[in-house]
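Q: Attaching a predicted model along with its sequence, questions to come.
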Amino acid sequence: MRPESTFDLQSFLPYLLTQAAERSSLEFQQVYRDRYGMLRTEWRVLFHLGLYGTMTAGGIGAAAGTHKTKISRAVHRLAERRYITRNRDGADRRVEHLDLTPRGRAVFNELRGIAADYDEALSNQLSETELKVLRTALRKLAGMQSGRFT
């Protein structure tokens, strides 16, 4: 174990990742929150359906790395706003197939354009090499299996 005095919070990778994620997502978060009253999990559900088509809540949760309870609440709120439809599976009544409504598709299309512009603005803060290394490193970290360091 390292001596306590050598630990630098400002260089601690999980801390840096959290700080970067929070700061880099604030402006986009304001857009989907202010225009549509959405929370983070709601826009993630909306984007998964917009990008990949019909999915189940479990499928979205697995793809987004989000707990099923949060996904369930987001699905409920999006359905109340008539952004998504919920259709029970004929073979397994516990499963619902989710899809965007025309209204949800319109919201997705608007936010997708804003997200693309925002991503470009963030990307322009880095050189091409830095951006490539950052995206590769983040994908690698995001794909890590839990429990590797315990």
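A: Structure received. Every value quoted in this text rests on a predicted model; they were computed, and no experiment measured them. Numbering: from 1, shown residues only.
Q: which residue is nearest the centroid of the protein?
A: In the chain, the centroid-proximal residue (C-alpha atoms, centre = their mean) is residue 44; its distance is 4.5 Å.
Q: tell me what the helix of greatest length in the chain is packed against?
A: Longest helix in the chain, counting residues (DSSP state H): helix 13-36. Helix 13-36 sits against helix 40-52, helix 102-123, with contacts defined as 3 or more C-beta pairs under 8 Å, 6 or more residues apart in numbering; DSSP states H and E. The C-beta positions use only the backbone N, C-alpha and C, and glycine is treated the same way.
Q: Would you mind putting those helices into a markdown table with mean pLDDT alongside?
A: Shown next, in a markdown table, are the helices and strands packed on helix 13-36 (pLDDT from 0 to 100):
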| stretch | mean pLDDT |
| --- | --- |
| helix 40-52 | 96 |
| helix 102-123 | 96 |
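Q: so of those helices, which one's packed in deepest?
A: The highest mean neighbour count among these, using mean count of other C-beta atoms under 10 Å, belongs to helix 40-52: a mean of 20.
Q: Quick one: residues in contact with the following helix or strand past that one.
A: Going down the chain from helix 40-52, the next helix or strand is strand 55-56, by DSSP states H and E. With contacts defined as C-beta atoms under 8 Å, 6 or more residues apart in numbering, strand 55-56 is touched by 48, 49, 63, 95, 96, 97, 98.
Q: how about those residues in TSV, adding secondary structure and distance to residue 33?
A: Listed next are the contacts of strand 55-56 as TSV, based on DSSP: H, G, I helix; E, B strand; the rest coil; distance: C-beta to C-beta, whole Å:
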residue	secondary structure	distance to residue 33
48	helix	18
49	helix	19
63	helix	22
95	coil	30
96	strand	26
97	strand	27
98	strand	21
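Q: Report the lowest-confidence entry in the residues you listed.
A: Least confident entry in these, by pLDDT: residue 95, with 87.
Q: show me what contacts that residue?
A: 56, 58, 88, 89.
Q: Which ones among the residues you listed map onto helices?
A: residue 58.
Q: Out of the contacts of residue 95, flag the one nearest to residue 104.
A: residue 56 (16.3 Å; C-beta to C-beta).
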